[in-house]
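Participant: Structure for this input, please:
(2 chains)
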2 protein chains.
Amino acid sequence: MTLNFAASSASASASSSSSCEFPLARYIDSHQEEYVELLRDWVAIESDSSNILKRPELHRMMEMAAQKLRQMGGTVELVDIGEQELPGGQTLALPKVVTGQFGSDPNKHTVCVYGHVDVQPAKLEDGWATEPYNLTEINGNLYGRGASDNKAPVLAWIHAVEAYQALSMELPVNVKFVIEGMEETGSNGLDAMILAQRDSFFSDVDYIIISDCGWLSRRPALTYGTRGNCYFFAEVEGPKQDLHSGVYGGTVIEPMTDLIGILDTLISPNGKILVPGIREAVAPLSDEEWRMYQDIQFDMENYKNKIGVTQLMYTNKVDLLAHMWRYPTVSIHGIEGAFSDPGTKTVIPAKVTAKFSIRQVPDMDPAMVKKQVTDYLHSVFAKRKSPNKLKVTMVIGAKPWLADTQHPLYEAGKAAVKRVFDTDPDLIREGGTIPIARTFQDVTGKSIIMMPIGGFDDGLHSQNEKMSRYNYIEGTKLFIAYLNEVSQIQKTSV
Amino acid sequence: MTLNFAASSASASASSSSSCEFPLARYIDSHQEEYVELLRDWVAIESDSSNILKRPELHRMMEMAAQKLRQMGGTVELVDIGEQELPGGQTLALPKVVTGQFGSDPNKHTVCVYGHVDVQPAKLEDGWATEPYNLTEINGNLYGRGASDNKAPVLAWIHAVEAYQALSMELPVNVKFVIEGMEETGSNGLDAMILAQRDSFFSDVDYIIISDCGWLSRRPALTYGTRGNCYFFAEVEGPKQDLHSGVYGGTVIEPMTDLIGILDTLISPNGKILVPGIREAVAPLSDEEWRMYQDIQFDMENYKNKIGVTQLMYTNKVDLLAHMWRYPTVSIHGIEGAFSDPGTKTVIPAKVTAKFSIRQVPDMDPAMVKKQVTDYLHSVFAKRKSPNKLKVTMVIGAKPWLADTQHPLYEAGKAAVKRVFDTDPDLIREGGTIPIARTFQDVTGKSIIMMPIGGFDDGLHSQNEKMSRYNYIEGTKLFIAYLNEVSQIQKTSV
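Facilitator: Numbering: from 1, shown residues only, chains lettered A, B, ... in the order given. The predicted structure is shown next:
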C-alpha cells in the first residue's frame, strides 16, 4: 500500500504550499527504481568507520556524497576536520565532512539536515543471509549494511530536494546538509567543526533535522530524546606473549581470568548496574512521563518475537520503555586478543581487551561516568592482587539529548506525518545515541527534531540490516511534506 | 657449540654399536642444510587441524610425510581413520594416519616412534615477527608454526633412520612410525586406529617413543608424565540475531553478561578451581615427589623473564612445578561470536561461545570432569534466572599419563643423553597433553618414553614458535644414540 499525502488526510492544511505536493509525490513514486539503484551504489561502499583499514573506502564515500550534491547544483564543501590519533600514537586522516546548501532566500526558514554515511562493521560470516555490501531486495525489503543506518535516510532527503528541482518548483525553505563519516565511532572531529562554523555555515540555520533512528512500531514516530554512550576498553596485560595453556597453565595469573572477573562486577543478572554512583545520577521518572509511556503504542509480544526471546528484562510496558530510553544500561560487546575463531586453541592469551559501553541519560555526565567506571574497575582489580596490568580507557563519551515536544518544530512534524501516513505519530525516545544532537543544541542553540523513516525491525548494527522500499519511498514524501510544514512556522516563533 | 656424542662422555658405553656413531654424527652435521630445507617445506603447509577450512592442507601434509617415508624404502600405509562429525551435523574426512616400517628382524627390538604434523592456528597479525608459515632463521633459531610442535622432531627421527641408510649401516633396532594429523584437536580417530591395529601393526612393537614436548631448561630432559585435557565449549544463546546495544540495551538479558557471569565462577583469583569435586580427585603429593621436585634444575627468575611477568602464581619451586605438572588448572581461551576485532562496535551479540579447558591429572577422570563442569555451570546459570539457553559441551577429553622412571627404557634414555650432551637429563613431567601416550599404554600395554628435543623457550602454541638449529641437529644425534642404547636392553627385560 502506498499512501499519497494529502489524499486521505482529514487534517490536511489548506496552505498554498501543500497543494503542490501531488506532483512531487507522483514524481517520487515514478523514480523509485533510480532511488533504489543509488542506494545500491552507496551500500556497495564498505564505509566502516571503526576499521582503519577501510578508511580509503570511507574517503571515497564522502566524495561520492559530495559529488551527488554538486550534480544537483548545491554549494558544496568537503570540510577537512583533521586527524584521528590511533592507540599506537600514529595519526590517520579523518573523513571530510560534506556540507551543502540549496537556496539562500533570507525570507525563508533555513533547515539543516544532518546525516552520516559511515557504517558499522559487517561480514557475511557473522550470519548475514545476503552479502552485506550488495543491496539485495527480498519481499520489498532492501538488505545491506548501512541501508537504514543511515544511507537511505540521507538519500531520501537528497531525493526530496531533487524532486523540487526536477519539477522546477521552488523549495519552500532553504536546505542545508551536513553529512559526516565518523558517526558510528563517536563523530570524531565533528564537534570542533560545528564550533568552528557556528558563525558561518550554521549562522543562518533555524532548525536542525536528524533522521538517524527508527520507528517503534508500524506507526510513524517523532523522536524527542536519545541516550548517550560511554564506550570503554578494559585491557588486561600479563605475559609478554601468548602461552600454551598446557605448558604454562597453573603457573601464571591469566589475564583472561582477571578480565572476566572484573567484567562480572559491572552488572547484576537482573540488569542492575553495580558501578557506584551511576544509578544515583539518573533523573527520576515523573508521573507525567509514566502516563506518556503508558499511552504509547507498543506491543510487548511483538517486540519479544522480533528479538526472538522468551522473556524480556521487564514484564510491563512502562518499565521496558523506560529502560530502553531513559535509564542507563551496560552491554559487554566482546573481547579482543583472545581466541575468537571456530574450533579449539589451547592458548593463554597474553593481552585481552574487553569492549563494553554504558548508555547514559540525563542527568549523568560522561566525564563523571568515566571516572566512576575507571575507579571502580581499578578497585575491583586491586582486590584480586594480580600482577597483571589493567588499563581502562573511555574511547567514546557522547552525551544524551532531550527536546521539547511542544515546540513548533514538533507540531510541524506531527502535521507532516498526519498528511503522509494519515495517522498521528508516536512521540518516542531513542535508546541509541546520536551524539551530534546534543552538540548542535549546545553549540548552535538551535532547535532540533528527529524525524525517523527507518522501520522498527531494520536490524541496525546487526546482521541483515534492511530498509523497506515502503519506508524509503514514503519517507521521501514525508520529508517533502515536512519542508512545507516548516515553511508555515511563524518567523516570530523561531 | 656442537657436541658430538661419545666424544667427551665419561660414561660412554663400550658397546660395539656406539662406536659406529662417529660417522653418523658427521653425516648429520654435514647434511643439516638439507634438514632445514625439508623443515621449511613442511612448515610451509598450513596443516591447522582445528580449522576445517584448512583440511585440504592437512591431507596434503599427511601425503607429504608418507611420500618421504616411501622414498626411504619404508613399508608405508596411509590409514583411513574415518570422518569427523561437525557441530552442524555434517561430516568431514579425517586426515589419514601415516604408518611406516624400517626393518623387521625378529632378533631386534622394535620401537615405534609417534609424532604429529598438524599444527595450532597462527596468523601474522597475532603478533608474529615473521610469517608463521615461512620458516625464517634468526640467530640460529628456526621460526615457524609447527617447527617445534611437532614437525622438526618428526623429521629428526626420519633423518636418524635415513643417516643409517645413507651410510649403508644396519639399523640397531626395527623402527616403526605412526604419524597423525589431529593431535592439536584431540587425536580424533587415532584411538580407534590403534585399537584396530593392536594385533597387527603394533603386535611386534616393544617400545613407544614420543618426542612431542620440550626441555625444562637448557639441560636435556626425559619426560615421564603429562596432564590430560578436558576442553569445553559453553554456549549461551539469546536473541535470534545480534542487536544494536543502544536500541535494545536494557530490555534484553544479554548472553554475554550471562556467559561472563558463569565463567567467573570457574576459578578464584589465586588459582583455586571452584568446580566441586575437581580438587578432591587429585592424587596427593608424596614426600618422594616433593624431594624429586626440590632437586630439579629450574630457575624461577629465568622462567618469569621468559614469560615476561613480575609474579608467578606460586613463589616457591616445588609449588610451581607441582601446579605446572601434577595439579589441574583452568584456562579461559576466548569467546566466539562476540565482537573481537579492533575498534568499537555497539552490539549485543546474540550467541556467544566460551572456550575453556581444564588440564587434569591422576586420579581425575575426563568423564567425571565433564559431568562435574556441566552440572556446576548449569546450576550456576540456573541461579541467574536467565531466559537464555546454556549448552555445555566437552569437545576434547584426553587422559593424563604417567610412566616409571626406573624402567630400562628410561635408563637407556639417560645413557643416550649423557653420551650426546655430556650431562644427566632432568626427569620432568609435562603440563601439556599428549593424549595418545595414555592410549598407547592402555591399548598396547607397551612401555612408553617421552624424549623431547624442543627447547624450553620454543613458544609452542604461541606467537613466534621456533626450533633452534642446535636442538634440531643435536636432537637427531640423540635419536641415533638412543636407538643404539635401546638395542642393548636385554630381550628378557622387555
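
Participant: In which helix or strand does the nearest residue to residue A:244 once chain neighbours are set aside reside?
Facilitator: Among residues not flanking residue A:244 along the chain, residue B:461 sits closest, at 3.8 Å (C-beta to C-beta, 6 or more residues apart in numbering or on different chains). Any C-beta I mention is one placed from the backbone N, CA and C, and that applies to glycine too. Using DSSP states H and E, no element contains residue B:461; it sits outside every helix and strand.

Participant: Roughly how far does residue B:461 sit from residue B:148?
Facilitator: 10 Å (C-beta to C-beta, to the nearest Å).

Participant: Same check on residue A:118?
Facilitator: 44 Å.

Participant: nearest residue to residue A:176 other than its sequence neighbours?
Facilitator: Going by C-beta to C-beta, 6+ apart, residue A:176 has residue A:112 as its nearest residue, at 4.3 Å.

Participant: For the host helix or strand of that neighbour, which helices and strands make contact with it?
Facilitator: Using DSSP H and E, the element containing residue A:112 is strand A:110-116. If contacts are counted by 3 or more C-beta pairs under 8 Å, 6 or more residues apart in numbering or on different chains; DSSP states H and E, strand A:110-116 sits against helix A:152-166, strand A:174-180, strand A:207-210.

Participant: so what strands line up beside that strand?
Facilitator: strand A:174-180 (parallel), strand A:207-210 (parallel) (DSSP bridges).

Participant: hmm, the helix or strand hosting residue A:64 in reach of chain B?
Facilitator: Following DSSP H and E, one finds residue A:64 within helix A:55-71. No - judged by C-beta under 8 Å from any C-beta of the partner chain, helix A:55-71 and chain B are separated, with a smallest distance of 11.4 Å.

Participant: want to throw the helices and strands packed on strand A:110-116 into TSV with mean pLDDT, mean neighbour count and distance to residue B:288?
Facilitator: Below are the helices and strands packed on strand A:110-116 laid out as TSV (pLDDT from 0 to 100; neighbours: other C-beta atoms under 10 Å in any protein chain shown; distance: least, C-beta to C-beta, whole Å):
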stretch	mean pLDDT	mean neighbour count	distance to residue B:288
helix A:152-166	98	24	75
strand A:174-180	98	25	71
strand A:207-210	96	23	75
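
Participant: Quick check: which of these is nearest to residue B:55?
Facilitator: helix A:152-166 (41.4 Å; C-beta to C-beta).

Participant: Could you give me the buried positions within the worst-scoring helix or strand of chain A on mean pLDDT?
Facilitator: Of all the helices and strands that make up chain A, helix A:435-444 has the lowest average by mean pLDDT, DSSP states H and E, namely a mean of 87. Buried residues in helix A:435-444, counted by 16 or more other C-beta atoms under 10 Å in any protein chain shown: A:435-441, A:443-444.

Participant: following that helix, which helix or strand comes up?
Facilitator: Next along from helix A:435-444, by DSSP H and E: strand A:447-450.

Participant: Next, count neighbours for residue A:268.
Facilitator: Other residues lying near residue A:268 total 14 when counted by other C-beta atoms under 10 Å in any protein chain shown.

Participant: How about it, nearest residue that isn't a chain neighbour?
Facilitator: Residue A:268 sits nearest to residue A:274 (C-beta to C-beta, 6+ apart), 6.1 Å away.

Participant: Would you verify that residue A:40 is located in a strand?
Facilitator: No - remark: residue A:40 does not belong to a strand; assigned using DSSP: H, G, I helix; E, B strand; the rest coil, it is helix.

Participant: now the angle from the one helix or strand residue A:471 maps to to helix A:152-166?
Facilitator: Per DSSP H and E, residue A:471 falls inside helix A:469-487. Angle of helix A:469-487 versus helix A:152-166, following axes from the mean of the first three to the mean of the last three C-alpha atoms, to 10 degrees, is 60 degrees.

Participant: got the buried residues for helix A:469-487?
Facilitator: A:469, A:471-487.
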